[in-house]
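Novice: Build the 3D model from these lines:
(one chain, ligands or ions: 2)
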Amino acid sequence: EDYIAEGLILANKQFLITAGPTYEPIDPVRFIGNHSSGRMGMEIAKEALSLGAKVHLVLGPSALDHQHTNLQITRVQTAQQMLQVCLDNFEHTDVTIATAAVSDYRPAEVASQKIKKKSDTLSLELVKNPDVLKTLGAQKSKQFLVGFALETENEAENALIKLNNKNLDFIVLNSMNNKGAGFQHETNKISILAADYKKEFELKSKADVAKDILAEIVERIT
Ligand code: CTP
Ligand code: CA
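Specialist: Ligands and ions are numbered 1, 2, ... in the order given. Below is the predicted model of the structure:
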């Protein structure tokens with residue numbers, strides 16, 4: 001209660017945040033990945049820390065780093081590794097936020113040696129990766145669960161389907177239909193969608209987007 005007086009309103013809360021891309025190996029020197037930087041997740045982590053929370057950041061391959069007494073970073077490569085770390089920690093977590101750009105598929109087999117250049121075409125068989133967030137949603141009891149959605153069509157409708165399928169408390173829709181928003185940009189334009197309400201926000205920096213998301217979480221859990 002002293003903590004709350006000091007403004008550290010999340011002092012007794014444990015956060016679990018996924019961030020960054022995943023790298024799915026093809027052979028010893030190649031992988032399937034994406035351009036996610038991990039910045040949105042890191043900004044959310046910093047904002048949660050500033051409100052007094054303890055944060056466990058499960059981070060795919062990313063150049064980002066941050067030091068804080070209340071921050072633990074576990075670095076992973078693949079979706080399967082990300083899922084395992086999340087499952088090991090979900091039970092004692094109060095708030096989970098999935099910002100990671102998880103590869104939806106991975107190579108069915110990982111070649112043990114570097115694949116040599118031979119024929120004019122090459123096909124890779126891919127298999128579906130586990131859905132980290134959906135797996136956690138299915139195990140949810142008292143945990144508060146937040147997901148992200150990036151859509152190019154029927155944005156709100158598709159985001160609401162994800163909210164329901166993954167058993168989320170709210171979903172952050174990253175709007176693509178806006179200059180300067182989305183992947184590899186410094187700014188984002190988001191909406192927060194829950195079962196019975198929707199809030200739209202202006203285009204702003206990722207740090208300010210993180211503040212809006214944390215304010216929404218604080219409103220819902222305290
Ligand atoms: N997510 C996850 N594990 C996956 C895929 C997605 O945890 N294997 C999480 C993301 O971190 C995000 C949310 O699920 O919080 C939505 O991700 P998105 O890629 O938009 O949705 P998908 O369910 O993968 O569906 P699709 O890509 O077909 O739109
Ligand atoms: Ca996806």
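Novice: pLDDT of stretch 135-154, averaged?
Specialist: Averaged across stretch 135-154, pLDDT comes to 96.
Novice: from the chain's centre, how far out does that stretch sit?
Specialist: 9 Å (Cα atoms, centre = their mean, to the nearest Å).
Novice: what about it and ligand 1, touching?
Specialist: Yes - shown here: stretch 135-154 in contact with ligand 1 (Cβ under 6 Å from any ligand atom) through Gly147, Phe148, Ala149, Leu150. Just so you know, the C-beta spots here come from the backbone N, C-alpha and C atoms, and that holds for glycine as well.
Novice: In contact with the residue nearest to Glu125 when sequence neighbours are not counted, which residues?
Specialist: Using Cβ to Cβ, 6 or more residues apart in numbering and skipping residues adjacent in sequence, the residue nearest Glu125 is Ala108, 4.2 Å away. Applying Cβ atoms under 8 Å, 6 or more residues apart in numbering, one finds that Ala108 lies in contact with Leu124, Glu125, Leu126, Val127.
Novice: repeat that with 7 Å
Specialist: Counting by Cβ atoms under 7 Å, 6 or more residues apart in numbering, Ala108 touches Glu125, Leu126, Val127.
Novice: likewise Lys128?
Specialist: Contacts of Lys128 (Cβ under 7 Å, 6+ apart): Asp104, Tyr105.
Novice: And for Ile217?
Specialist: Counted by Cβ under 7 Å, 6+ apart, Ile217 has contacts Val95, Phe144, Val146.
Novice: The first one contacts Phe144, doesn't it?
Specialist: Yes - checked against Cβ atoms under 7 Å, the pair Val95 and Phe144 is within contact range at 4.7 Å.
Novice: Give the residues shared as contacts by the two.
Specialist: With Cβ under 7 Å, 6+ apart, Val95 and Phe144 have common neighbours Ile217, Ile221.
Novice: the more surrounded of the two?
Specialist: Val95 (23 against 18; other Cβ atoms under 10 Å).
Novice: Show me what that one is bridged to.
Specialist: Phe15, Phe144 (DSSP bridges).
Novice: any idea how far Leu122 is from it?
Specialist: The spacing between Val95 and Leu122, counted by Cβ to Cβ, to the nearest Å, is 43 Å.
Novice: again, but for Glu43
Specialist: From Glu43 to Leu122 the distance is 39 Å (Cβ to Cβ).
Novice: between those two, who's got more neighbours?
Specialist: Neighbour comparison, Glu43 and Leu122: the larger count goes to Glu43, with 23 against 8 (by other Cβ under 10 Å).
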